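In: Test case, fold it:
(2 chains)
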Protein chains: 2
Amino acid sequence: MTTPVPPSRPDADAETDTRTRLLDSGSELFIEKGFNGCGLSEILRHAGVPKGSFYHYFRSKQDFGVALIERTCAEYEAELTPMLEDPTHSPLERLRRVFEHYREECASDAPTRECLIPKLALETANLCEDMHTAVKGAYRLWADLLAGPIRAGQAIGEIRTDQDATRLADTLVMLWEGATMRMQIDGDTACLENFLTFAFDSVLRPPR
Amino acid sequence: MTTPVPPSRPDADAETDTRTRLLDSGSELFIEKGFNGCGLSEILRHAGVPKGSFYHYFRSKQDFGVALIERTCAEYEAELTPMLEDPTHSPLERLRRVFEHYREECASDAPTRECLIPKLALETANLCEDMHTAVKGAYRLWADLLAGPIRAGQAIGEIRTDQDATRLADTLVMLWEGATMRMQIDGDTACLENFLTFAFDSVLRPPR
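Out: I've put the predicted structure just below:
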């Protein structure tokens, strides 16, 4: 993965560009080395930004971590919402398409964005309250987004109704997180096939 | 969690004690701060061991990480094997008892050993080949141990046979890893109830 070099733009956009470059570098380096395994100076060097500028945008490395989690959430939400509300597919089919999309993304370009939040989650769970709160929010958002089509699928009998939608959504997220963790460990995406099989044939399926 | 202070023993055991103290301290500190978030000097201070002694037992921090993963695996195997082979319960019941046991352990003493291997897994996946290999071995061992009673349960019709035992075991491990990750994020064990429900009512259950 390479950091995109922003094209030259009017001065008004220069601030946005610097902030974006910092976040892009942080994302790439934290995925590779972890939050604690990568210092601020390495991020600044990678982004080509002087130290003084960093503190213009962020109060601390942890504040930077929170911004990175929030940006990742906003990107996911923008990407997921149209897929989860797509009227040309049934609710269950929309859910399947979302996870097939992420499986393709993982298969084509690992390690990907999928790895950032769990990595930050485990590294900072006991270390930084603000980042921990942001991580909790990210998982809540992800499950809430999935709960919408799960409810719609329950209403038309495509998805089991003996468990409530929130619990089913939490379980999908748990299974996905376990699968992407395993993907990083094994270095291949076979476990994501396992995810698709069990999520759709076992977890969501109405009892026969 | 506190580091147990070994009682005084004959000289022959002194070496074992020092190595054990180092591993105990490493386990406790890595769970709290992560592998990259905790330096060697902090581990030595915590264990009350001078730096020279460390290099008598381990070539490097990464070598120490590998030893810690291997010790954790050996502990799990010693603890799990009698539970998984217990002839007084059916294979499915043995599996359930194992996970209920870990749920109790997580509920009583979080953060626990359960958190160490996933934490090291994500932090070191791209950083250290030896640790990565040890982590892969840990997940393979864990799934192989579970596959035994899954096969036995399949043979007597307690567990579905439309998926093979290895795949079912991998899925249980994935779901458990996602659940314990979520436990660390949420700071409670409600997600482990979700795990038990879906693992036993959906993933392993024969189609009705």
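
In: and the next element down the chain from the lowest-mean-pLDDT helix or strand in chain A?
Out: Lowest on mean pLDDT, DSSP states H and E among the helices and strands of chain A sits helix A:116-124, with a mean of 82. Following helix A:116-124 in sequence order, the next helix or strand is helix A:129-155 (DSSP states H and E).

In: returning to what we had before: what packs against the least confident helix or strand of chain A?
Out: Using 3 or more Cβ pairs under 8 Å, 6 or more residues apart in numbering or on different chains; DSSP states H and E, the elements in contact with helix A:116-124 are helix A:14-33, helix A:61-85, helix A:129-155, helix A:165-186, helix B:116-124, helix B:165-186. To be clear about C-beta, it is placed using only N, CA and C from the backbone, and glycine gets the same treatment.

In: orientation of it relative to helix A:14-33 in degrees?
Out: 70 degrees (axes from the mean of the first three to the mean of the last three Cα atoms, to 10 degrees).

In: how about helix A:116-124 as PDB, C-alpha atoms only?
Out: C-alpha atoms of helix A:116-124 as PDB (Å, rounded to 0.1, in the frame of the first residue of the first chain):
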ATOM      1  CA  LEU A 116      -6.600  -1.400  11.800                       C
ATOM      2  CA  ILE A 117      -9.400  -1.200  14.400                       C
ATOM      3  CA  PRO A 118      -8.900  -4.700  16.000                       C
ATOM      4  CA  LYS A 119      -5.200  -4.000  16.200                       C
ATOM      5  CA  LEU A 120      -5.700  -0.700  18.000                       C
ATOM      6  CA  ALA A 121      -8.500  -2.300  20.100                       C
ATOM      7  CA  LEU A 122      -6.300  -4.900  21.700                       C
ATOM      8  CA  GLU A 123      -3.200  -2.700  22.000                       C
ATOM      9  CA  THR A 124      -4.900   0.200  23.700                       C
END
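
In: and that helix, which residues are buried?
Out: Neighbour counts over helix A:116-124 (16 or more other Cβ atoms under 10 Å in any protein chain shown) mark A:116, A:117, A:118, A:119, A:120, A:121, A:122, A:123, A:124 as buried.

In: where are the low-confidence patches of chain A?
Out: Low-confidence segments of chain A (pLDDT under 70): A:1-12, A:109-114, A:208.

In: Go again with 80.
Out: A:1-16, A:109-115, A:122-127, A:207-208 (pLDDT under 80).

In: Tell me, how many residues neighbour residue A:66?
Out: The local packing of residue A:66 (other Cβ atoms under 10 Å in any protein chain shown) involves 22 other residues.

In: no no, residue A:190
Out: Residues near residue A:190, counting by other Cβ under 10 Å: 12.

In: Repeat that for residue A:88.
Out: 6.

In: For the least confident helix or strand of chain A, which outside residues touch it?
Out: A:27, A:30-31, A:34-36, A:62, A:65, A:68-69, A:72, A:131-132, A:135, A:138-139, A:177, A:180-181, B:34, B:36-37, B:115, B:118-119, B:122-123, B:181, B:184-185 (Cβ atoms under 8 Å, 6 or more residues apart in numbering or on different chains).

In: Mind telling me what element residue A:158 is part of?
Out: Short version: residue A:158 belongs to no helix or strand, going by DSSP H and E.

In: residue contacts, it?
Out: So residue A:158 contacts A:90, A:91, A:92, A:206 (Cβ under 8 Å, 6+ apart).

In: Out of those residues, flag the one nearest to chain B.
Out: Using Cβ to the nearest Cβ, residue A:206 comes nearest to chain B of these, at 11.1 Å.

In: ok, that closest one - contacts?
Out: Contacts of residue A:206 (Cβ under 8 Å, 6+ apart): A:157, A:158, A:159, A:160, A:161.

In: In this structure the fourth one contacts residue A:150, no?
Out: No. Using Cβ atoms under 8 Å as the test, residue A:160 is too far from residue A:150 to be in contact (9.6 Å).

In: Looking at these two now, which is surrounded by more residues?
Out: Neighbours per residue (other Cβ under 10 Å) separate residue A:160 from residue A:150, with residue A:150 holding more: 26 against 17.

In: coming back round to it: how about the helices and strands packed on helix A:116-124, which one is nearest residue B:19?
Out: helix B:116-124 (17.2 Å; Cβ to Cβ).

In: next one: the closest one to chain centre, how far?
Out: Centroid separation for helix B:116-124 versus its chain: 11 Å, with Cα atoms, centre = their mean, to the nearest Å.

In: With stretch A:93-113 instead?
Out: 11 Å.

In: Residue A:103 is nearest to which of the helices and strands packed on helix A:116-124?
Out: Across the helices and strands packed on helix A:116-124, closest to residue A:103 is helix A:165-186 (Cβ to Cβ), at 9.1 Å.

In: elements contacting the helix or strand following that closest one?
Out: Proceeding N to C from helix A:165-186, the next assigned helix or strand is helix A:190-198, under DSSP H and E. Contacts defined by 3+ Cβ pairs under 8 Å, 6+ apart place helix A:190-198 against helix A:91-109, helix A:165-186, helix B:165-186.
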